[in-house]
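Asker: Got a predicted model here, sequence first, then my questions.
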Amino acid sequence: MRFEPGERISEVLLAKKFRVSRAPVRDALRRLEQEGLVIVKPQVGTMVLPVSLAKAREILQVRLLLEPFAAGHAAPKITEEDIDLLEFHFSRLGRLKDGEEKKRRLFETDALLHGLIWERCGNREIKEILDRYRGEIQRIRLSNAELGGRLIPSEREMRRIHRALVRKNPKEAREAVLQHLKNIQKGVESIFGKDGTRRDRTEEAEGGIRRRGRAKAGLR
């Protein structure tokens with residue numbers, strides 16, 4: 001089950017779908033609210049929080065300032081256990097064929113990769129700042145992959161970061177993370193219109209079909 005940004009979430013429907021009472025659904029939604037993924041509005045209900053272009057830009061500016069620095073400091077501190085964990089996830093990713101399962105594992109591996117950098121950089125303030133944006137980062141990640149067509153490029157960039165960490169090379173790690181984030185930034189810009197609203201490919205396709213239909217009928 002997937003929800004679009006701005007879509008309302010019904011506790012009743014979720015409880016029926018998963019055959020549970022409303023209490024665990026309410027608890028799950030409360031956790032999502034704490035992570036900044038949904039908002040609960042009185043008299044309205046629970047809604048999925050959208051990520052605006054302005055918000056996405058600001059988060060990426062913060063990441064561009066902090067994460068390359070964090071990666072450079074994390075690289076020499078990556079442990080053998082960290083390396084084994086990353087090897088497991090990247091090896092599994094390499095065995096999967098394109099599809100929903102691979103997409104899900106890619107997001108999981110990306111979150112793990114960045115989380116390890118935040119954890120190992122040795123700066124708690126940086127970790128806390130970036131942790132605060134986990135929910136928004138995940139939504140940006142999803143939008144970039146599905147609307148920006150960045151699933152395969154993102155995997156290549158992730159593997160470059162992984163190699164730098166395995167080599168414990170600060171310079172390579174900084175450069176790899178910096179390039180990765182710059183590409184995410186480009187992807188974000190490409191999926192928003194000039195007015196700052198997100199482009200929806202389904203809507204664009206439907207609009208194109210309607211325009212072609214009118215053209216065939218001799219209408220404008």
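Answerer: Happy to help now that I have it.

Asker: Going by C-alpha atoms from here, please, whenever you check contacts or count neighbours.
Answerer: Will do.

Asker: what about the most centrally placed residue in the chain, which helix or strand?
Answerer: In the chain, the C-alpha closest to the average C-alpha coordinate belongs to Arg141, at a distance of 2.1 Å (Cα atoms, centre = their mean). With the criterion set as DSSP states H and E, the secondary-structure element containing Arg141 is helix 134-146.

Asker: which other helices and strands contact that helix?
Answerer: Based on contacts counted as 3 or more Cα pairs under 8 Å, 6 or more residues apart in numbering; DSSP states H and E, the elements that helix 134-146 packs against are helix 53-74, helix 170-190.

Asker: What pLDDT does the model give Arg198?
Answerer: In this model, Arg198 is scored at 49, pLDDT.

Asker: Tell me who's in contact with Glu155.
Answerer: By Cα atoms under 8 Å, 6 or more residues apart in numbering, Glu155 lies in contact with Leu106.

Asker: what about it, which helix or strand?
Answerer: When secondary structure is defined by DSSP H and E, Glu155 falls within helix 151-166.

Asker: Report the angle between that helix and helix 134-146.
Answerer: Between the direction of helix 151-166 and that of helix 134-146, the angle (axes from the mean of the first three to the mean of the last three Cα atoms, to 10 degrees) works out to 130 degrees.

Asker: Next, the angle helix 53-74 makes with helix 151-166.
Answerer: Using the same axes, to 10 degrees: helix 151-166 against helix 53-74 is 30 degrees.

Asker: Give the buried residues for helix 151-166.
Answerer: The neighbour-count check on helix 151-166 (16 or more other Cα atoms under 10 Å) flags 151, 154-155, 157-166 as buried.

Asker: okay, now the domains of this protein?
Answerer: By the assignment in automatic domain parsing, the chain contains the domains 8-48, 53-190.

Asker: Would you mind measuring the gap between the ends of the shortest one?
Answerer: Just to be clear, that refers to domain 8-48. From the first residue to the last, domain 8-48 extends over 7 Å; the measure is Cα to Cα, to the nearest Å.
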